[in-house]
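A.B. asks: Let me see the structure of the following:
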Amino acid sequence: MRWAGLDKERSMNVVSEEGILNLGRQVLIEEADEVRALADRLGEPFVKAVKLLLSCKGRVVVSGIGKSGHIARKIAATLASTGTPAFFVHAAEAAHGDLGMITKEDVVIAISYSGTSSELLAIIPTVIREGAPVISITGSDDNTLAREANVNLNIHVTREACPLNLAPTSSTTATLAMGDALAIACLDAKGFGPEDFARSHPGGALGRRLLIHVSDLMRQGDQMPVVLENASVMDAVKEITKKRIGMTAIVDSDNKVKGIFTEGDLRRLIEKVGDIRSVPIAEVMTANPTTVAPSALAAEAAKILTSTLRNQLLVVDEADHLIGALHVHDLMTAKVI
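C.D. replies: Residues are numbered from 1 along each chain as shown. Next up, the predicted model:
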(Lines give C-alpha, C1' and ligand atoms only; values in the text may rest on other atoms or scores of the structure.)
Protein backbone atom coordinates (compact mmCIF):
# COMPACT_ATOMS: atom_id res chain seq x y z
CA MET A 1 0.00 0.00 0.00
CA ARG A 2 2.98 2.31 0.42
CA TRP A 3 3.10 2.84 -3.36
CA ALA A 4 -0.66 3.20 -3.82
CA GLY A 5 -0.46 6.97 -4.31
CA LEU A 6 2.20 6.55 -6.96
CA ASP A 7 0.21 3.86 -8.78
CA LYS A 8 -2.83 6.14 -8.81
CA GLU A 9 -0.82 9.00 -10.24
CA ARG A 10 0.67 6.72 -12.89
CA SER A 11 -2.77 5.60 -13.94
CA MET A 12 -3.68 9.24 -14.41
CA ASN A 13 -0.39 9.83 -16.26
CA VAL A 14 0.20 12.73 -13.85
CA VAL A 15 2.90 12.98 -11.16
CA SER A 16 2.27 15.73 -8.63
CA GLU A 17 5.06 17.58 -6.86
CA GLU A 18 3.81 16.22 -3.55
CA GLY A 19 3.89 12.69 -4.94
CA ILE A 20 7.49 13.14 -6.09
CA LEU A 21 8.53 14.45 -2.67
CA ASN A 22 6.72 11.67 -0.81
CA LEU A 23 8.36 9.03 -2.96
CA GLY A 24 11.81 10.56 -2.48
CA ARG A 25 11.33 10.75 1.28
CA GLN A 26 10.09 7.17 1.42
CA VAL A 27 13.15 5.87 -0.43
CA LEU A 28 15.53 7.75 1.88
CA ILE A 29 13.67 6.59 4.99
CA GLU A 30 13.63 2.95 3.90
CA GLU A 31 17.31 2.91 3.01
CA ALA A 32 18.21 4.64 6.28
CA ASP A 33 16.14 2.08 8.20
CA GLU A 34 18.00 -0.78 6.54
CA VAL A 35 21.36 0.74 7.47
CA ARG A 36 20.22 1.20 11.08
CA ALA A 37 19.14 -2.43 11.18
CA LEU A 38 22.53 -3.42 9.80
CA ALA A 39 24.24 -1.47 12.59
CA ASP A 40 22.18 -3.34 15.18
CA ARG A 41 23.30 -6.70 13.74
CA LEU A 42 26.99 -5.86 13.58
CA GLY A 43 29.02 -8.40 15.53
CA GLU A 44 31.98 -10.77 15.60
CA PRO A 45 32.24 -11.23 11.81
CA PHE A 46 32.85 -7.50 11.44
CA VAL A 47 35.62 -7.58 14.06
CA LYS A 48 37.21 -10.56 12.31
CA ALA A 49 37.03 -8.79 8.95
CA VAL A 50 38.71 -5.66 10.32
CA LYS A 51 41.48 -7.75 11.89
CA LEU A 52 42.08 -9.45 8.55
CA LEU A 53 42.38 -6.06 6.85
CA LEU A 54 44.72 -4.74 9.53
CA SER A 55 46.98 -7.79 9.21
CA CYS A 56 47.14 -7.50 5.42
CA LYS A 57 50.77 -7.24 4.27
CA GLY A 58 49.85 -6.58 0.66
CA ARG A 59 46.82 -4.77 -0.68
CA VAL A 60 43.09 -5.14 -0.28
CA VAL A 61 41.52 -6.29 -3.53
CA VAL A 62 37.82 -5.47 -3.85
CA SER A 63 35.83 -7.27 -6.52
CA GLY A 64 32.28 -7.55 -7.77
CA ILE A 65 30.18 -7.35 -10.90
CA GLY A 66 27.17 -5.30 -11.98
CA LYS A 67 25.89 -2.90 -9.33
CA SER A 68 28.04 -4.68 -6.75
CA GLY A 69 31.03 -3.91 -8.96
CA HIS A 70 30.25 -0.19 -8.86
CA ILE A 71 29.99 -0.34 -5.07
CA ALA A 72 33.20 -2.39 -4.89
CA ARG A 73 35.06 0.29 -6.84
CA LYS A 74 33.89 2.96 -4.38
CA ILE A 75 34.85 0.85 -1.35
CA ALA A 76 38.33 0.30 -2.79
CA ALA A 77 38.71 4.04 -3.31
CA THR A 78 37.57 4.79 0.25
CA LEU A 79 39.98 2.24 1.72
CA ALA A 80 42.87 3.60 -0.33
CA SER A 81 42.20 7.20 0.69
CA THR A 82 41.94 6.35 4.40
CA GLY A 83 45.20 4.50 4.86
CA THR A 84 44.45 0.97 3.65
CA PRO A 85 46.08 0.34 0.24
CA ALA A 86 43.39 -1.11 -2.00
CA PHE A 87 42.34 -1.46 -5.62
CA PHE A 88 39.34 -2.72 -7.56
CA VAL A 89 39.35 -5.75 -9.84
CA HIS A 90 36.35 -6.47 -12.05
CA ALA A 91 35.27 -10.06 -11.47
CA ALA A 92 34.90 -10.85 -15.17
CA GLU A 93 38.28 -9.30 -16.05
CA ALA A 94 39.91 -11.21 -13.18
CA ALA A 95 38.91 -14.48 -14.81
CA HIS A 96 40.71 -13.42 -17.98
CA GLY A 97 44.10 -12.45 -16.67
CA ASP A 98 43.69 -9.79 -13.97
CA LEU A 99 43.69 -12.50 -11.31
CA GLY A 100 47.46 -12.41 -11.60
CA MET A 101 47.44 -9.14 -9.67
CA ILE A 102 46.30 -10.94 -6.51
CA THR A 103 48.94 -12.49 -4.25
CA LYS A 104 48.91 -14.42 -0.98
CA GLU A 105 49.87 -11.21 0.82
CA ASP A 106 46.56 -9.60 -0.20
CA VAL A 107 43.08 -9.74 1.28
CA VAL A 108 40.13 -10.05 -1.10
CA ILE A 109 36.73 -8.47 -0.45
CA ALA A 110 34.20 -10.21 -2.70
CA ILE A 111 30.81 -8.54 -3.08
CA SER A 112 27.65 -10.25 -4.31
CA TYR A 113 24.27 -9.75 -2.65
CA SER A 114 23.00 -13.12 -3.85
CA GLY A 115 26.32 -14.79 -3.16
CA THR A 116 25.93 -16.71 -6.41
CA SER A 117 27.45 -14.42 -9.06
CA SER A 118 29.10 -16.89 -11.44
CA GLU A 119 31.89 -14.51 -12.46
CA LEU A 120 32.89 -13.98 -8.83
CA LEU A 121 32.57 -17.63 -7.84
CA ALA A 122 34.80 -18.57 -10.77
CA ILE A 123 37.80 -16.75 -9.31
CA ILE A 124 37.35 -17.54 -5.58
CA PRO A 125 38.90 -21.06 -5.72
CA THR A 126 42.05 -19.64 -7.32
CA VAL A 127 42.23 -16.87 -4.74
CA ILE A 128 41.91 -19.41 -1.93
CA ARG A 129 44.59 -21.65 -3.47
CA GLU A 130 46.86 -18.62 -3.71
CA GLY A 131 46.44 -18.22 0.05
CA ALA A 132 44.72 -14.84 0.14
CA PRO A 133 41.98 -14.52 2.80
CA VAL A 134 38.50 -13.74 1.49
CA ILE A 135 35.95 -11.43 3.10
CA SER A 136 32.56 -11.77 1.46
CA ILE A 137 29.77 -9.20 1.62
CA THR A 138 26.48 -10.91 0.79
CA GLY A 139 22.79 -10.79 1.62
CA SER A 140 22.75 -13.93 3.79
CA ASP A 141 24.97 -16.42 5.58
CA ASP A 142 23.67 -19.31 3.51
CA ASN A 143 25.08 -18.95 0.00
CA THR A 144 28.04 -20.30 -1.93
CA LEU A 145 30.25 -17.22 -1.62
CA ALA A 146 29.61 -16.88 2.12
CA ARG A 147 30.54 -20.52 2.70
CA GLU A 148 33.79 -20.18 0.72
CA ALA A 149 34.93 -17.00 2.48
CA ASN A 150 37.01 -16.75 5.63
CA VAL A 151 34.41 -14.38 7.00
CA ASN A 152 31.03 -13.27 5.67
CA LEU A 153 29.46 -9.89 6.34
CA ASN A 154 25.70 -10.29 6.05
CA ILE A 155 24.10 -7.07 4.77
CA HIS A 156 20.60 -8.53 4.31
CA VAL A 157 17.83 -6.00 3.67
CA THR A 158 14.11 -6.60 4.18
CA ARG A 159 13.31 -5.23 0.76
CA GLU A 160 14.70 -2.89 -1.86
CA ALA A 161 13.54 0.73 -1.85
CA CYS A 162 12.50 0.21 -5.47
CA PRO A 163 8.66 -0.04 -5.70
CA LEU A 164 9.10 -3.21 -7.73
CA ASN A 165 11.52 -4.61 -5.13
CA LEU A 166 13.89 -5.36 -7.99
CA ALA A 167 16.45 -2.59 -8.56
CA PRO A 168 19.39 -2.79 -6.12
CA THR A 169 18.80 0.22 -3.91
CA SER A 170 18.64 -0.57 -0.19
CA SER A 171 21.05 -3.47 -0.68
CA THR A 172 23.68 -1.38 -2.46
CA THR A 173 23.35 1.36 0.16
CA ALA A 174 23.85 -1.22 2.92
CA THR A 175 26.89 -2.63 1.10
CA LEU A 176 28.42 0.80 0.69
CA ALA A 177 27.79 1.59 4.36
CA MET A 178 29.47 -1.66 5.37
CA GLY A 179 32.48 -0.75 3.24
CA ASP A 180 32.65 2.65 4.91
CA ALA A 181 32.45 1.01 8.34
CA LEU A 182 35.38 -1.28 7.47
CA ALA A 183 37.45 1.62 6.14
CA ILE A 184 36.84 3.88 9.13
CA ALA A 185 37.47 1.09 11.63
CA CYS A 186 40.85 0.49 9.95
CA LEU A 187 41.55 4.22 9.82
CA ASP A 188 40.98 4.54 13.55
CA ALA A 189 43.04 1.46 14.41
CA LYS A 190 45.98 2.77 12.37
CA GLY A 191 45.84 6.23 13.90
CA PHE A 192 45.33 7.72 10.45
CA GLY A 193 45.05 11.50 10.88
CA PRO A 194 44.18 14.60 8.87
CA GLU A 195 47.73 15.07 7.58
CA ASP A 196 47.84 11.43 6.42
CA PHE A 197 44.57 12.02 4.60
CA ALA A 198 45.95 15.19 3.03
CA ARG A 199 49.02 13.35 1.73
CA SER A 200 46.76 11.05 -0.27
CA HIS A 201 44.72 14.05 -1.50
CA PRO A 202 47.39 16.65 -2.35
CA GLY A 203 45.33 18.19 -5.14
CA GLY A 204 42.19 18.63 -3.07
CA ALA A 205 41.10 21.42 -0.77
CA LEU A 206 42.02 19.42 2.32
CA GLY A 207 45.48 18.70 0.94
CA ARG A 208 46.07 22.39 0.32
CA ARG A 209 44.94 23.28 3.84
CA LEU A 210 47.06 20.63 5.53
CA LEU A 211 50.19 20.47 3.38
CA ILE A 212 50.91 24.09 2.47
CA HIS A 213 52.90 26.04 5.04
CA VAL A 214 53.40 29.76 5.49
CA SER A 215 56.98 29.41 4.27
CA ASP A 216 55.65 28.14 0.93
CA LEU A 217 53.67 31.33 0.31
CA MET A 218 55.31 34.20 2.19
CA ARG A 219 57.01 37.09 0.42
CA GLN A 220 60.71 37.42 1.14
CA GLY A 221 63.69 39.60 0.29
CA ASP A 222 62.92 42.55 -1.96
CA GLN A 223 59.22 41.63 -2.01
CA MET A 224 58.94 42.20 1.74
CA PRO A 225 57.96 45.76 2.82
CA VAL A 226 60.02 46.95 5.79
CA VAL A 227 61.28 50.21 7.35
CA LEU A 228 63.34 50.92 10.45
CA GLU A 229 61.64 52.19 13.59
CA ASN A 230 63.33 55.61 13.26
CA ALA A 231 61.74 56.16 9.83
CA SER A 232 59.03 58.70 9.11
CA VAL A 233 55.49 58.00 7.99
CA MET A 234 56.48 59.26 4.53
CA ASP A 235 59.21 56.62 4.39
CA ALA A 236 56.59 54.02 5.27
CA VAL A 237 54.23 55.33 2.58
CA LYS A 238 56.96 55.03 -0.04
CA GLU A 239 57.66 51.43 1.02
CA ILE A 240 53.95 50.53 1.00
CA THR A 241 53.61 52.03 -2.48
CA LYS A 242 56.70 50.21 -3.75
CA LYS A 243 55.90 46.73 -2.38
CA ARG A 244 52.14 46.94 -3.06
CA ILE A 245 50.70 44.68 -0.37
CA GLY A 246 49.02 47.42 1.64
CA MET A 247 51.35 47.57 4.63
CA THR A 248 54.91 47.69 5.86
CA ALA A 249 56.68 46.08 8.78
CA ILE A 250 58.63 48.23 11.23
CA VAL A 251 61.81 46.69 12.66
CA ASP A 252 64.69 47.73 14.90
CA SER A 253 68.37 47.63 13.99
CA ASP A 254 68.46 43.89 14.77
CA ASN A 255 65.58 43.23 12.33
CA LYS A 256 63.21 42.42 15.18
CA VAL A 257 59.59 43.32 14.54
CA LYS A 258 58.42 46.38 16.45
CA GLY A 259 55.17 47.12 14.63
CA ILE A 260 53.10 47.23 11.47
CA PHE A 261 51.60 50.12 9.51
CA THR A 262 48.84 49.58 6.94
CA GLU A 263 47.06 51.63 4.32
CA GLY A 264 44.07 51.71 6.65
CA ASP A 265 46.27 53.19 9.38
CA LEU A 266 47.47 55.80 6.88
CA ARG A 267 43.93 56.90 5.96
CA ARG A 268 42.93 57.22 9.59
CA LEU A 269 46.10 59.18 10.36
CA ILE A 270 45.47 61.66 7.53
CA GLU A 271 41.91 62.22 8.77
CA LYS A 272 43.26 62.86 12.26
CA VAL A 273 46.35 65.05 11.73
CA GLY A 274 46.27 66.13 8.10
CA ASP A 275 49.96 66.81 7.47
CA ILE A 276 51.84 63.54 8.00
CA ARG A 277 55.22 64.49 6.60
CA SER A 278 56.96 65.00 9.94
CA VAL A 279 55.24 62.23 11.90
CA PRO A 280 57.61 59.45 13.12
CA ILE A 281 56.37 55.97 12.19
CA ALA A 282 57.12 54.69 15.71
CA GLU A 283 54.40 57.00 17.11
CA VAL A 284 51.58 55.77 14.89
CA MET A 285 52.41 52.15 14.07
CA THR A 286 50.53 49.26 15.61
CA ALA A 287 53.03 47.91 18.11
CA ASN A 288 53.48 44.20 18.88
CA PRO A 289 51.46 43.05 15.86
CA THR A 290 50.13 39.54 15.47
CA THR A 291 52.70 37.35 13.73
CA VAL A 292 53.00 33.81 12.46
CA ALA A 293 55.84 31.29 12.22
CA PRO A 294 57.03 30.10 8.80
CA SER A 295 56.39 26.49 9.85
CA ALA A 296 52.72 27.18 10.55
CA LEU A 297 50.15 25.80 8.17
CA ALA A 298 48.81 28.31 5.70
CA ALA A 299 45.34 27.43 6.99
CA GLU A 300 46.38 28.66 10.44
CA ALA A 301 47.49 31.96 8.93
CA ALA A 302 44.10 32.23 7.24
CA LYS A 303 42.36 31.79 10.60
CA ILE A 304 44.52 34.51 12.15
CA LEU A 305 43.69 36.95 9.35
CA THR A 306 39.99 36.18 9.68
CA SER A 307 39.95 36.57 13.46
CA THR A 308 41.93 39.84 13.41
CA LEU A 309 40.06 41.27 10.40
CA ARG A 310 43.33 42.01 8.64
CA ASN A 311 44.64 41.30 5.16
CA GLN A 312 48.36 41.08 5.99
CA LEU A 313 50.48 39.10 8.40
CA LEU A 314 54.15 39.30 9.34
CA VAL A 315 56.23 36.13 9.46
CA VAL A 316 58.89 35.89 12.16
CA ASP A 317 61.36 33.35 13.50
CA GLU A 318 61.63 32.20 17.12
CA ALA A 319 63.55 35.36 18.07
CA ASP A 320 60.96 37.67 16.43
CA HIS A 321 63.24 38.49 13.50
CA LEU A 322 61.28 39.45 10.40
CA ILE A 323 61.67 36.83 7.67
CA GLY A 324 58.57 37.29 5.52
CA ALA A 325 55.18 38.83 4.86
CA LEU A 326 51.89 37.24 3.88
CA HIS A 327 48.86 38.80 2.19
CA VAL A 328 45.37 37.31 2.06
CA HIS A 329 45.69 37.29 -1.74
CA ASP A 330 48.62 34.88 -1.41
CA LEU A 331 46.33 32.46 0.41
CA MET A 332 43.58 32.93 -2.14
CA THR A 333 45.94 32.34 -5.05
CA ALA A 334 47.06 29.07 -3.44
CA LYS A 335 43.37 28.20 -2.89
CA VAL A 336 43.89 27.79 0.83
CA ILE A 337 40.85 30.01 1.28
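A.B. asks: what's the neighbour count on the residue nearest to residue 79 when sequence neighbours are not counted?
C.D. replies: Closest residue to residue 79 apart from its sequence neighbours, by CB to CB, 6 or more residues apart in numbering: residue 86 at 3.8 Å. (C-beta placed from N, C-alpha, C; glycine too.) By other CB atoms under 10 Å, the residues close to residue 86 number 24.
A.B. asks: who touches residue 86 in this structure?
C.D. replies: 59-62, 75-77, 79-80 (CB atoms under 8 Å, 6 or more residues apart in numbering).
A.B. asks: who wins for most neighbours among the residues you listed?
C.D. replies: residue 62 (29 neighbours).
A.B. asks: picking up where we left off before, could you give the bridge partners of the residue nearest to residue 79?
C.D. replies: Beta bridges link residue 86 to residue 60, judged by DSSP bridges.
A.B. asks: Need the pLDDT of the nearest residue to residue 296 once chain neighbours are set aside.
C.D. replies: Distances taken as CB to CB, 6+ apart place residue 214 nearest to residue 296, at 4.9 Å, with adjacent residues excluded. Looking at residue 214, its pLDDT stands at 95.
A.B. asks: and if you look at residue 197?
C.D. replies: For residue 197, pLDDT reads 69.
A.B. asks: how close does the residue nearest to residue 296 get to residue 337?
C.D. replies: Between residue 214 and residue 337 the computed distance is 13 Å (CB to CB, to the nearest Å).
A.B. asks: out of the two, which sits in the busier spot?
C.D. replies: Counted by other CB under 10 Å, residue 214 and residue 337 do not tie: residue 214 has more neighbours, with 23 against 17.
A.B. asks: just checking, the more buried one touches residue 299?
C.D. replies: No - counting by CB atoms under 8 Å, residue 214 sits too far from residue 299 to count as a contact (9.8 Å).
A.B. asks: Report the residue ranges of every domain in the chain.
C.D. replies: 4-192, 214-333 (automatic domain parsing).
A.B. asks: about what we covered before: specify which member of the contacts of residue 86 is nearest to residue 221.
C.D. replies: Residue 221 lies nearest to residue 80 out of the contacts of residue 86, by CB to CB, at 41.2 Å.
A.B. asks: From residue 107, how far out is the closest residue to the closest one other than its chain neighbours?
C.D. replies: Leaving aside its sequence neighbours, residue 80 sits nearest to residue 86 (CB to CB, 6+ apart; 4.7 Å). Distance of residue 86 to residue 107, given as CB to CB: 9 Å.
A.B. asks: Residue 83 too?
C.D. replies: 14 Å.
A.B. asks: hang on, the earlier thing: next, format the contacts of residue 86 as a markdown table and append distance to residue 313 and pLDDT.
C.D. replies: As requested, those are arranged in a markdown table below (distance: CB to CB, whole Å; pLDDT from 0 to 100):
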| residue | distance to residue 313 | pLDDT |
| --- | --- | --- |
| 59 | 43 | 94 |
| 60 | 43 | 96 |
| 61 | 48 | 95 |
| 62 | 45 | 96 |
| 75 | 42 | 97 |
| 76 | 42 | 96 |
| 77 | 37 | 93 |
| 79 | 39 | 95 |
| 80 | 36 | 90 |
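A.B. asks: Please enumerate the strands of the stretch 201-337 of the chain.
C.D. replies: 226-228, 247-251, 257-262, 286-287, 291-292, 312-316, 322-327 (DSSP state E, counting those that start in this stretch).
A.B. asks: How about the secondary structure of residue 46?
C.D. replies: helix (DSSP: H, G, I helix; E, B strand; the rest coil).
A.B. asks: what about residue 31, which helix or strand?
C.D. replies: helix 17-41 (DSSP states H and E).
A.B. asks: so what's residue 168 up against?
C.D. replies: 66-68, 113, 160.
A.B. asks: The same query, at a cut-off of 6 Å, please.
C.D. replies: residue 67 (CB atoms under 6 Å, 6 or more residues apart in numbering).
A.B. asks: per-residue confidence for it?
C.D. replies: Looking at residue 168, its pLDDT reads 93.
A.B. asks: now do residue 332
C.D. replies: Value listed for residue 332 in the pLDDT field: 88.
A.B. asks: cool, and residue 309?
C.D. replies: What the model reports as pLDDT for residue 309 is 87.
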